[in-house]
Every structure is written in structure tokens, then in C-alpha cells.
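Q: pasted the sequence and its predicted model underneath.
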Amino acid sequence: MADADLDPAPSPPAVVPLPSPPKVQFQPLGDRITELNESQSELLLKLQGLKQDLQNWRSKLDTQVKLYKDELSDLKKALNTELGQLRSEFTELRTTLQMQQDDVTLGLKNLVIQDAPEQTEEQKNLEVEDGLEKPEARSSGNSQLD
């Protein structure tokens with residue numbers, strides 16, 4: 001730190017010379033204004049062309065959207081019509097099937113009623129036969145035990 005105290009006062013920073021600005025050649029003011037007006041006119045023409053293109057594009061897009069909406073509307077109507085027809089046909093089919101099921105059920109009930117007396121007689125015959133077989137089975141069973 002003692003060394004720092006012995007140093008003389010700092011010198012001011014060195015002045016660096018600034019580069020000289022490039023020399024600009026100025027066109028006559030009238031020529032420059034004319035050039036700017038021409039550029040402005042070209043830009044306005046381009047802008048008008050772009051606006052016209054945008055309007056045409058929007059018009060075409062609106063036309064397409066309208067056509068698609070109309071087509072979708074027609075498809076929706078056709079679909080609803082077909083759906084109504086299918087529902088009607090399904091209801092008719094359900095009714096027909098229910099009637100057929102009722103007819104089959106009734107027919108089966110009639111068959112059961114007609115077959116019931118015959119089965120009863122057959123069952124009686126089987127029971128009589130079973131009754132006869134049972135004592136034989138018992139006697140043969142008894143003989144084996146003896």
C-alpha cells in the first residue's frame with residue numbers, strides 16, 4: 001500500500017480520435033423527391049394489387065363456404081330422411097318379429113297341451129315298468145348278501 005501512495009496522480013485517459021464520417025454525396029433534392037414519389041407510386045400499386053387479390057380470395061372462399069354449407073345441409077336432410085325410414089322399418093320389423101314370436105309361443109303351448117296326455121300315459125307305463133324292475137333288483141341284491 002505504501003507503493004500506491006508514492007505513485008503520482010493518474011493521468012487522464014488518452015483521447016482516441018473518432019473516424020471521420022463517410023462522405024455522403026447528396027443528390028439534388030428534386031431528383032431525390034422524384035425518386036421517392038416513384039417508389040411510393042410503385043408501393044401503392046403493389047398494395048392495391050394485394051388488396052384486390054385478397055378481395056378475390058375472400059370472394060372465392062365465401063363462395064366455397066356457401067357451397068359446402070348448402071351441400072352439408074342437403075346431406076343432413078337426406079340423412080334425416082333415411083334415418084326416419086330406417087326407424088319406421090325397424091319398428092315394423094320389431095312388430096312383425098313380436099307377432100311371429102307370439103305365434104310360435106302359442107303353437108308350442110298348443111303342442112305341449114296336445115302331447116301332455118300322451119306323455120302322461122307313457123310316464124305311467126314307465127312307472128309300472130320301473131316298479132316291476134325294482135323288486136327284481138332288490139331280490140338280486142338280497143341274494144348277493146346271503
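A: Great, that's in hand.

Q: I'd like to know which elements the helix or strand where L86 lies is packed against.
A: For L86, the host element (DSSP states H and E) is helix 29-145. Judged by 3 or more C-beta pairs under 8 Å, 6 or more residues apart in numbering; DSSP states H and E, helix 29-145 is in contact with no other helix or strand. Just so you know, the C-beta spots here come from the backbone N, C-alpha and C atoms, and that holds for glycine as well.

Q: pLDDT of it, averaged?
A: Regarding helix 29-145, the rounded mean pLDDT is 85.

Q: burial count for S73?
A: Applying other C-beta atoms under 10 Å, we find 10 residues neighbouring S73.

Q: what do you get for L61?
A: 10.

Q: separation between it and Q52?
A: 15 Å (C-beta to C-beta, to the nearest Å).

Q: same question, S88
A: In this view, S88 and Q52 are 54 Å apart by C-beta to C-beta.

Q: go on, T105?
A: Going from T105 to Q52 by C-beta to C-beta gives 78 Å.

Q: just D31 next, same as before
A: For D31, the distance to Q52 - C-beta to C-beta - is 32 Å.

Q: and if you look at Q64?
A: 19 Å.

Q: and V104, by the same measure?
A: 76 Å.
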